[in-house]
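> Using only what follows, build the 3D model:
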Amino acid sequence: MNLIDCHTHTQYSVDSDADINAMVERACELNLTAYAITDHCECNCFYHKEHYTENKYSDYFGYCDDFEGSVSAVTALKEKYGNKLNLLCGTELGQATHDFETAEKIVSDPRLDFVIGSMHQLPGIEDFAFIDYTKYTKDSIYGLLERYFNEIYKLCKWGKFDVLGHLTYTLRYIQGNFGIEVDTSRYDEIIAESFRTLIHNGCGIEINTSGLRQAYGRTFPSLEYVKLYRSLGGEILSIGSDAHTVEDLGKGIKEGAELALEAGFKHLCWFKQRKPVFTEI
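As a prediction, the model looks like this:
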């Protein structure tokens, strides 16, 4: 198999201590066809705290510094490793819908090969990772999911990224960590409409394999949604481990490729200078 890992984090992400040089060396050891470093860049907290008159739902600011640190470091490493590794300079762009002006500034950086569009947080609510779902009724959880998928649709309509990151990310916490079962089929139509919009805009989705090594036990999104995307004509499919440690780099990538084959894909996609490149699985 030609395996790629196009969603990983290093020391330039607030939730990772992974040494960027060690990550690149590990990617070389794994002989990946393509490897992207995509450190966090949250649009709603991009500037330092004093820039914001009110943002009580975030406790970390200054992603502008993290972004510059990551992109500069990866750009230098691309020169150092040359033909030894197909290293891609990426970013995980969070919450573009909260600040389109800042988002467009970020994605216009000419050093970027690849942009993941993600949604970790809704306006006026803390990050999904920090919510105590035991304080929510089942109806309010469904209401939260409805807001999430509507925000995803809004993100897809904007469409100035390359792949949609970890669709169904909320289930990592609701089902995985809290054990609250939900039926996402009630959102199938807006998910399908998001996929149609992505396809129209020349964007794709990723199979994020982090759920396989977490309590959730499935990919984000799971097989049925990868199949739905394919059935609607989707062709751009990336795979990422979402590794925040050297040890997790490449974890679940083979399983993700097998899932892609099961969903009807014969090629995976990675990006160079924001242009899609297809690799046979």
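
> For the stretch 51-200 of the chain, give me the ranges with low pLDDT.
For the stretch 51-200 of the chain, no stretch has pLDDT under 70.

> Could I get the contacting residues of residue 8?
Counting by Cβ atoms under 8 Å, 6 or more residues apart in numbering, residue 8 touches 23, 35, 36, 37, 38, 240, 241, 242, 243, 244, 249. Backbone N, C-alpha and C define where each C-beta goes, glycine included.

> tell me the pLDDT at the second one?
Yep, that's residue 35 we're talking about. Note on residue 35: pLDDT of 98.

> Within the helices and strands, which one has it?
strand 34-42 (DSSP states H and E).

> relative orientation of the helix or strand following that strand and strand 34-42 in degrees?
As assigned by DSSP H and E, the chain's next helix or strand after strand 34-42 is helix 63-81. In terms of direction (axes from the mean of the first three to the mean of the last three Cα atoms, to 10 degrees), helix 63-81 departs from strand 34-42 by 170 degrees.

> Tell me the buried residues in helix 63-81?
Residues 63, 64, 66, 67, 70, 71, 73, 74, 77, 78, 81 are the ones in helix 63-81 that count as buried (16 or more other Cβ atoms under 10 Å).

> What is the burial count for the closest residue to the fourth one other than its chain neighbours?
Leaving out its chain neighbours, the residue that sits closest to residue 67 by Cβ to Cβ, 6 or more residues apart in numbering is residue 41, at 4.6 Å. Using other Cβ atoms under 10 Å, the number of residues around residue 41 comes to 30.

> thought residue 41 was touching residue 95?
No - the criterion here is Cβ atoms under 8 Å, and residue 41 misses it with residue 95 at 9.7 Å.

> Okay, strands next: where are they in the chain?
Remark: strands assigned in the chain by DSSP state E are 4-5, 34-42, 87-94, 114-118, 163-164, 204-208, 237-240, 267-272, 275-280.

> Out of these, which one sits most buried?
Most buried of the strands of the chain, by mean neighbour count (mean count of other Cβ atoms under 10 Å): strand 4-5, with a mean of 30.

> in its sheet, what does that strand sit against?
strand 34-42 (parallel) (DSSP bridges).

> Just the pLDDT at residue 1, thanks.
pLDDT, residue 1: 89.

> What is the neighbour count of residue 273?
As a burial measure, residue 273 scores 12 neighbours (other Cβ under 10 Å).

> Done for today, thanks.
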